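> Generate a structure from the sequence data that follows.
(one chain, ligands or ions: 1)
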Amino acid sequence: MAPTLVLTDFLLLIISTLLLVLLVKSLRNSKSKGKYPPSAPALPIIGHIHLLKSGLPTSFATLARKYGPLMQIRLGAAKFVVVSDAKSAQEILRTFDTDFASKFQPGPTNYHIYEDSSFANAPYGAYWKFMKKLFMTKLLTGSQLQRFTNIGEQETIKLIKSLLNRSKAGEPCDLTAELTEVTHSTIYKMAIGRRYSNNPSQAAEIRKIITYNCENDDEKDVMDILLETYKDADAEVKLTRDQIKNFFMAMEELINHPNIFKILREEIDSIVGNNRLIKESDVPKLPYLQAVAKEILRLHPPSPFLRRLSNKDSKINGFDIQKGTRVFINVYMLMRDPNCYKEPEKFMPERFLGNCTEMKGRDFHYLPFGRGRRGCPGASLAKSLLHATIGALVQCFDWKVKDGEKADTEATGTGYSGAFASPLPCYPITRFDPFQE
Ligand code: HEM
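Below is the predicted model:
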């Protein structure tokens, strides 16, 4: 056979194979044709990574202003849909809650305060339902909840005592670190029943603690119940040190806003008086304190994104979302929407007071604890810890930032959470010592 004939046959074969592949592809595309969310032009391999400038929440917000409230983002090989308006958030978290009741794994970076928790990241199914029931019926009710509240109060008292000592010695403290430690310690104490220590060599001891048997029901901690009912040592809720920082940004904002600090202190003084420390049971009578905490969580949500994974094909805000799509809901952006909040970047607790109309019927603009069946089951506990601690710090101390600096509440670092980048060294000056004999 002539070699030119063999070459022609070979070329024909390649061309017809290519045509066949193209045909199959176009048939597949025409089948999956739909109206998908728009996307910024992407680069090969990296996708949209080059468009991310500072923190992820603000970068996504900038892109959303250009590409719309539902847009597609590709970070390397991973594709996401980013939701940036309350209407789409409401459809996902309420109207189609069950269809989006799974969460995707946040990936290798420290994406979320619960990145290590198998429950918080579990797909919607038997295991998640079991754990949710456990949380709602055993962990966050009755005597357990009271026990958690007591732990919070004890930890606050420890913090106040340590700050009183520093104040006496005229020493500065890193308030961010102190508050992070209190939060961490409180959560760990709830979860493992003993005071958390920084020492990594205690990991083995912690493992030992969580496998012990406890006879008295009231003394059981979260881990006992989890282990007893479901022998899974990984089920604990772990909160990481860096992300939890946002929890207590309240003090930084209050130090920067002495007028708000003053109003808050006057409210506490008028209800609590000046011979005892504020208690959790005072909080319902302290609307301004509640408004301060609400405003903090609006401006600095510890989880600026909610994560969802669609369980089936659906239509959101007119766009097709395919089964298996990973969805980020940019809560950070929703809570700074100028169409909902007057001067959204400003720290203004008043916006949450009394007859304020800003929030009426617009609660999908306020999602620090998420919403729907995957919303935070610990929200009320978290709020009561936040109220008691802020209240005590305002009641007992005046605060002076070192060298007259201001706390930089907008320094969001480079990460996902929007956490403060720098520590906050300041001096506590004792104003009221509730433990003085
Ligand atoms: C200020 C403190 C806290 C904040 C801001 C917070 C916020 C959140 C957010 C945003 C979510 C995801 C919600 C969603 O995707 O819709 C979540 C989930 C969760 N939170 Fe919290 N949380 C806090 C404290 C707590 C505490 C104290 C507990 C435990 C006692 C807790 C237990 C959980 C659990 C178990 C989940 C996973 C729920 C699920 O996937 O079904 N949280 N939290």
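> how about the residues of the stretch 1-150 of the chain near the ligand?
114, 119-120, 132, 135 (C-beta under 6 Å from any ligand atom). C-betas here are computed from N, CA, C, even on glycine.
> The same query, at a cut-off of 5 Å, please.
Residues of the stretch 1-150 of the chain lying close to the ligand by C-beta under 5 Å from any ligand atom are Ala120.
> low-scoring stretches of the stretch 1-150 of the chain, by residue?
Low-confidence segments of the stretch 1-150 of the chain, defined by pLDDT under 70: 1-5, 26-32, 106-118.
> neighbours of the closest residue to the ligand within it, just the number please.
Closest approach between the stretch 1-150 of the chain and the ligand, counting by C-beta to the nearest ligand atom: Ala120, at 3.6 Å. Neighbourhood size, Ala120 [other C-beta atoms under 10 Å]: 21.
> quick check, it in a strand?
No: using DSSP: H, G, I helix; E, B strand; the rest coil, the assignment for Ala120 is coil, not a strand.
> That one contacts Ser102, doesn't it?
No: between Ala120 and Ser102 there is no contact under C-beta atoms under 8 Å: 11.8 Å.
> Tell me who's in contact with the nearest residue to Asp337 once chain neighbours are set aside.
Ranked by C-beta to C-beta, 6 or more residues apart in numbering and with sequence neighbours excluded, the top spatial neighbour of Asp337 is His365, at 5.8 Å. His365 makes contacts with 86, 334-335, 337, 340-341, 359, as judged by C-beta atoms under 8 Å, 6 or more residues apart in numbering.
> Apart from its chain neighbours, what residue comes closest to Glu344?
In this structure residue 344 is Pro, not Glu. With C-beta to C-beta, 6+ apart as the criterion, Pro344 has its nearest non-adjacent residue at 4.2 Å, and that residue is Arg336.
> Quickly find the element holding the one you found.
Under DSSP states H and E, no helix or strand contains Arg336.
> Any idea how many residues pack against it?
Counted with other C-beta under 10 Å, the neighbours of Arg336 add up to 18.
> Quick check: the gap between the residue nearest to Asp337 and the ligand.
15 Å (C-beta to the nearest ligand atom, to the nearest Å).
> same thing with Pro258?
Counting by C-beta to the nearest ligand atom, the gap from Pro258 to the ligand is 25 Å.
> next one: Glu266
Computed as C-beta to the nearest ligand atom, the Glu266 to the ligand distance reads 26 Å.
> swap in Trp399?
21 Å.
> what's the answer for Phe364, then?
Here the criterion is C-beta to the nearest ligand atom. By it, Phe364 lies 12 Å from the ligand.
> what residues are up against that residue?
The contact partners of Phe364, taken as C-beta under 8 Å, 6+ apart, are 86-87, 89-90, 93-94, 334, 371.
> Phi and psi next, for the residue nearest the centre of the chain.
The chain has Ser303 as the residue nearest its centroid, 2.0 Å off, counting by C-alpha atoms, centre = their mean. Backbone torsions for Ser303, taken as degrees, to the nearest 10, come to phi -120, psi 100.
> Pretty sure it sits against Tyr332.
No: Ser303 is beyond contact range of Tyr332, at 9.1 Å (criterion: C-beta under 8 Å).
> mind checking pLDDT for the residue nearest to Pro344?
Note on Arg336: pLDDT of 95.
> same deal with the one 3 residues further on?
Reading off the per-residue confidence, Asn339 sits at a pLDDT of 91.
> what's around it, how many residues?
Neighbour number of Asn339 under other C-beta under 10 Å is 9.
> you'd agree it is in a helix?
No: using three-state DSSP, the assignment for Asn339 is coil, not a helix.
> hang on, Lys346 in a strand?
No: going by three-state DSSP, the assignment for Lys346 is coil, not a strand.
> residues touching it, list them.
Neighbours of Lys346 in contact, by C-beta under 8 Å, 6+ apart: none.
> redo that, cut-off 10 Å
The contact partners of Lys346, taken as C-beta atoms under 10 Å, 6 or more residues apart in numbering, are 257, 295, 299.
> if we can go back for a sec, doesn't Cys376 make contact with the residue of the stretch 1-150 of the chain closest to the ligand?
Yes: between Ala120 and Cys376 there is a contact under C-beta atoms under 10 Å: 9.1 Å.
> Was I right to think the residue nearest to Pro344 contacts Arg65?
No: judged on C-beta under 10 Å, Arg336 makes no contact with Arg65 at a distance of 11.8 Å.
> Can you pull up the residues of the stretch 301-437 of the chain that come close to the ligand?
Of all the residues in the stretch 301-437 of the chain, those lying near the ligand are 302-303, 306, 369-370, 374-376, 378, 381-382, going by C-beta under 5 Å from any ligand atom.
> Highest neighbour count among those?
For those, the largest number of neighbours (other C-beta under 10 Å) sits with Leu306, at 27 neighbours.
> Looks like it contacts Gly370 (just checking).
Yes: using C-beta under 10 Å as the test, Leu306 is close enough to Gly370 to be in contact (5.0 Å).
> which neighbours do the two share?
With contacts taken as C-beta under 10 Å, 6+ apart, Leu306 and Gly370 have 93, 329, 331, 376 as neighbours in common.
> isn't there a helix covering the second one?
No: secondary structure of Ile329, determined by three-state DSSP: strand, with no helix assignment.
> Can you give me the distance of it to Asp97?
Distance from Ile329 to Asp97, counting by C-beta to C-beta, to the nearest Å: 12 Å.
> how about the strands in this protein?
Listed in chain order, the strands of the chain (DSSP state E) span 70-75, 78-83, 173-174, 305-309, 314-316, 319-321, 326-330, 397-401, 425-430.
> what about the helices in the stretch 1-150 of the chain?
Applying DSSP state H, counting those that start in this stretch to the stretch 1-150 of the chain gives helices spanning 3-31, 56-67, 86-90, 126-134, 142-169.
> Are there helices or strands packed against the last one, and which ones?
Contacts of helix 142-169 with other secondary structure elements, assessed using 3 or more C-beta pairs under 10 Å, 6 or more residues apart in numbering; DSSP states H and E, are made with strand 173-174, helix 175-192, helix 222-229, helix 379-396, strand 397-401, strand 425-430.
> Among those, show the one with the smallest mean pLDDT.
helix 222-229 (a mean of 52).
> got TSV for the shared contacts of Leu306 and Gly370, with distance to Glu181 too?
TSV is the format used below for those (distance: C-beta to C-beta, whole Å):
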residue	distance to Glu181
Leu93	33
Ile329	30
Val331	26
Cys376	22
